[in-house]
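[1] here's a sequence, model it:
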Amino acid sequence: MFELIPFDRRGSRVSAYDPFRMLDDMERSFFGGNSHPAMSSFRTDVTDTGDAFVLDAELPGFKKEDIKIDVENDCLTITAERKADEEEKQKNFIKRERFYGSFSRSFDVSGVNVDGIEAAYNDGILKLTMPKKVETVPPTRRLEIK
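    A predicted model of the protein is given here:
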């Protein structure tokens, strides 16, 4: 059925069947309703430095106090909330492109030493340095046969 859809939402031709794009669109429409796609999430880059993972998240316009990082059951969740102040609510906007609300992303951190995670926020970029768990190799021993 999906291969019969010749155009995507923006009106351009679909070059190839992409089930992941379709799933992303379905998730966005289910959880996001008619809201802007940027309302529920934000962009991130994750790099592997060998001994750690570094996550850079774009959160421009947020104050450090508006960002929360929670770890629970090998799941790290970054939440940022931007609230409109009363003065902004009183304005008669002709066009409004800045969004207010809650932004959130969750990540699997099962391979991370969660006690060693460090966070810094500078120029709209949240940077998390997450050290990898050190794999412990059980000691070997030889048993005597009696």
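
[2] surely S41 meets S106?
    No: counting by C-beta atoms under 8 Å, S41 stays clear of S106, with 9.8 Å between them. Glycine gets a C-beta too; all of them are placed from N, C-alpha and C.

[3] more neighbours: which of these two?
    S41 (16 against 13; other C-beta atoms under 10 Å).

[4] gap between the more buried one and A119?
    Separation of S41 from A119 (C-beta to C-beta, to the nearest Å): 18 Å.

[5] again with V112
    Distance of V112 to A119, computed by C-beta to C-beta: 13 Å.

[6] neighbour count winner among the two?
    Taking neighbours as other C-beta under 10 Å, V112 and A119 compare with V112 leading, 21 against 15.

[7] mind listing what the closest residue in space to that one that isn't next to it in sequence touches?
    Leaving aside its sequence neighbours, V112 sits nearest to M130 (C-beta to C-beta, 6 or more residues apart in numbering; 4.4 Å). Contact partners of M130, counting by C-beta atoms under 8 Å, 6 or more residues apart in numbering, are A52, F53, V54, L55, L76, V109, V112, N113, V114, G116, I117.

[8] apply 7 Å and report the result again.
    A52, F53, L55, V109, V112, I117 (C-beta atoms under 7 Å, 6 or more residues apart in numbering).

[9] hmm, which two among the residues you listed are most spread apart?
    Pairwise distances across the contacts of M130 (C-beta to C-beta) peak at 11.7 Å, for the pair A52 and V109.

[10] so the two - more neighbours on which side?
    The neighbour count for A52 versus V109, taken as other C-beta under 10 Å, is higher for V109 (21 against 17).

[11] report the helix or strand with the lowest average pLDDT across the chain.
    helix 86-90 (a mean of 57; mean pLDDT, DSSP states H and E).

[12] other SSEs contacting the next helix or strand after it?
    Following helix 86-90 in sequence order, the next helix or strand is strand 101-108 (DSSP states H and E). On a contact count with 3 or more C-beta pairs under 7 Å, 6 or more residues apart in numbering; DSSP states H and E, strand 101-108 meets strand 75-82.

[13] mind listing what's buried along the strand it packs on?
    Using 16 or more other C-beta atoms under 10 Å as the burial criterion, the residues of strand 75-82 that qualify are L76, I78, A80.
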